[in-house]
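show me how the following folds:
(chains A and B)
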Amino acid sequence: AQSVTQLGSHVSVSEGALVLLRCNYSSSVPPYLFWYVQYPNQGLQLLLKYTTGATLVKGINGFEAEFKKSETSFHLTKPSAHMSDAAEYFCAVTAANQAGTALIFGKGTTLSVSS
Amino acid sequence: GAVVSQHPSWVICKSGTSVKIECRSLDFQATTMFWYRQFPKQSLMLMATSNEGSKATYEQGVEKDKFLINHASLTLSTLTVTSAHPEDSSFYICSAGLAGRGELFFGEGSRLTVL
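Residues are numbered from 1 along each chain as shown, chains lettered A, B, ... in the order given. Below you'll find the predicted structure:
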């Protein structure tokens, strides 16, 4: 079984500040890990993903995340927040060895950016 | 590539009626599609896995007779909410994956409001 825990349901930062959204996962098999962003009344947009290879993954809009197996973490960061980054962020996991399996989502973190 | 489209985006219906939501993979074939439900300010909960040419696999607690899923072709899955009630009001999101990619592509979501 797999699960995802996102620490902090709401994160507030100032424009230009560092963004750090935390995600820890649980998986009995090697995981694939994802971060998605959702704007109000819209579907999900993939920010980045880790499957295999380099553990530091760069995504769109300046976001990146690092897979740390020893810490079972996949935290999302961005060096400098922009107002347009305000949205809901979801971390998700799936089993790497099972093609066609659903993603399991964390509860989400709302990011607020103030000017 | 890898675009998933849902229709309708918004639907309002009277209590007791049935509503059908379509999910299409526009530029790829999807043998498996997933249906999620999202309540306001909450995460995505997997409802069922839709398999082309066979019965859907429902998650525990999801009523099979209320949420009918049909996956008649490799590019189309439908979710029918039967005898809808106000508590069925929610945001429904479908997704599909590409073999070997390990990620899911999400539709834009369908907002259902039952009066």
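
how about A:H75, nearest residue that isn't a chain neighbour?
Closest residue to A:H75 in three dimensions, ignoring its sequence neighbours and counting by Cβ to Cβ, 6 or more residues apart in numbering or on different chains: A:R22, at 5.1 Å. (Each C-beta comes from the backbone N, C-alpha and C, glycine too.)

near chain B, which residues of chain A?
By the criterion of Cβ under 8 Å from any Cβ of the partner chain, the positions of chain A lying close to chain B are A:32, A:34, A:36, A:41-46, A:49, A:51, A:90, A:94, A:96, A:99-100, A:102-108, A:110.

close enough to count as contact, A:L111 and A:E15?
No. Distance between A:L111 and A:E15: 11.8 Å, which falls outside the contact criterion (Cβ atoms under 8 Å).

identify the contacts common to these two.
Common contact partners of A:L111 and A:E15 (Cβ atoms under 8 Å, 6 or more residues apart in numbering or on different chains): A:A81.

so between these two, which is more surrounded?
The residue with more neighbours, out of A:L111 and A:E15, is A:L111; 21 against 14, by other Cβ atoms under 10 Å in any protein chain shown.

show me where pLDDT drops low in chain B?
Filtered on pLDDT under 70, chain B yields the residue ranges B:1, B:99-102.

so what's the residue most central in space within chain A closest to, chain neighbours aside?
With distances taken as Cα atoms, centre = their mean, the residue of chain A nearest its centroid is A:W35 (3.2 Å). Nearest residue to A:W35, sequence neighbours excluded (Cβ to Cβ, 6+ apart): A:L47, at 4.4 Å.

distance check, that neighbour against chain B.
Between A:L47 and chain B the computed distance is 11 Å (Cβ to the nearest Cβ, to the nearest Å).

can you check A:S84 too?
When A:S84 is compared with chain B (using Cβ to the nearest Cβ), they lie 19 Å apart.

which ones are touching that residue?
In this structure, A:S84 makes contact with no residue, judged by Cβ under 8 Å, 6+ apart.

part of a helix, is it?
Yes. Under the criterion used here (DSSP: H, G, I helix; E, B strand; the rest coil), A:S84 sits inside a helix.

just the pLDDT at it, thanks.
As summarised for this prediction, A:S84 has a pLDDT of 95.

then A:A96?
According to the model's per-residue confidence, A:A96 sits at a pLDDT of 64.

pretty sure the residue nearest to A:W35 contacts A:G59?
Yes. Using Cβ under 8 Å as the test, A:L47 is close enough to A:G59 to be in contact (4.3 Å).

shared neighbours of those two, which are they?
Taking Cβ under 8 Å, 6+ apart as the contact rule, the neighbours common to A:L47 and A:G59 are A:W35.

so what pairs up with the residue nearest the centre of chain B in the strands?
Averaging the C-alpha coordinates of chain B gives a centre point, and the residue nearest to it by Cα atoms, centre = their mean is B:W35 (3.8 Å). Assessed by DSSP bridges, B:W35 has beta-bridge partners B:A48, B:C94.
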